[in-house]
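Visitor: predicted model follows, preceded by the sequence.
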Amino acid sequence: MLLLVALGIVFSFTERAESINDNPLSPLLNYSSISLPPEHLPYYFYNNKRVAKQCRLDPLCPFKDALQDLSACWGYEKNCDPGKRFSYPVCTKADSAWARSLEAAQELFWKQADFGYVKERLSELQTLCKATKPGDSSLRCSSHTRFCKATNLYLDLREPRRGHERYKEDFIQKGEIGGRCRLNKPALAAEGEHKSPLQSW
């Protein structure tokens, strides 16, 4: 009788293990949300270390090939090796009016029209409205507020003021933009030097 009970326990455990193995494994992440050309994936994983780690641990991750070299970077990142950047401009001659050498011309182009421009704007970011606790609003901008990153701010557009003026600068009135953060009013006012109407619109 004891033998039958033991065999029953072993068989039920084996059946349970087989039924678990019959269920397909589910991936650790939703990889369908990563919709990039294959050549861009190493750059994505360089900037998303947590996702790269999950993919490395996940046997169902379809991007294992992209994890081979995680030193490839776009060029704007703080620790990006210049030799591993996505691309670098190649000049065949330099105009002495704006660059003394080929190297200077390439570097100038990279800083003004490539990821070097992004790197410089990111280095200028300053917090103009600071969140006091998680979930609050925030506002970070580069010099002259040319680029800003805002979280949890609101715009009240229920009563827009329309008129025949081509370039209205008072479209948003006091109380129609805001959130929960400590605003540095002097810093925000100091960044308005390059303000102009959006003429291309």
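Guide: On my side now, so go ahead.

Visitor: break the protein down into its domains, please.
Guide: As given by automatic domain parsing, the domain ranges for the chain are 27-103, 124-156+177-193.

Visitor: need those domains in TSV (columns: mean pLDDT, distance to residue 112 and mean neighbour count).
Guide: Every residue, glycine included, has its C-beta placed from N, CA and C. Below are those laid out as TSV (pLDDT from 0 to 100; distance: least, C-beta to C-beta, whole Å; neighbours: other C-beta atoms under 10 Å):
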stretch	mean pLDDT	distance to residue 112	mean neighbour count
domain 27-103	90	10	14
domain 124-156+177-193	92	14	14
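
Visitor: could these go into CSV alongside distance to residue 111?
Guide: As requested, the domains of the chain are exported to CSV (distance: least, C-beta to C-beta, whole Å):
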stretch, distance to residue 111
domain 27-103, 10
domain 124-156+177-193, 13
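
Visitor: and residue 58, what is it in contact with?
Guide: 27-29 (C-beta atoms under 8 Å, 6 or more residues apart in numbering).

Visitor: please repeat the previous calculation with a cut-off of 6 Å.
Guide: Taking C-beta atoms under 6 Å, 6 or more residues apart in numbering, we find residue 58 in contact with 27-28.

Visitor: how about the one 4 residues further on?
Guide: Residue 62 makes contacts with residue 31, as judged by C-beta under 6 Å, 6+ apart.
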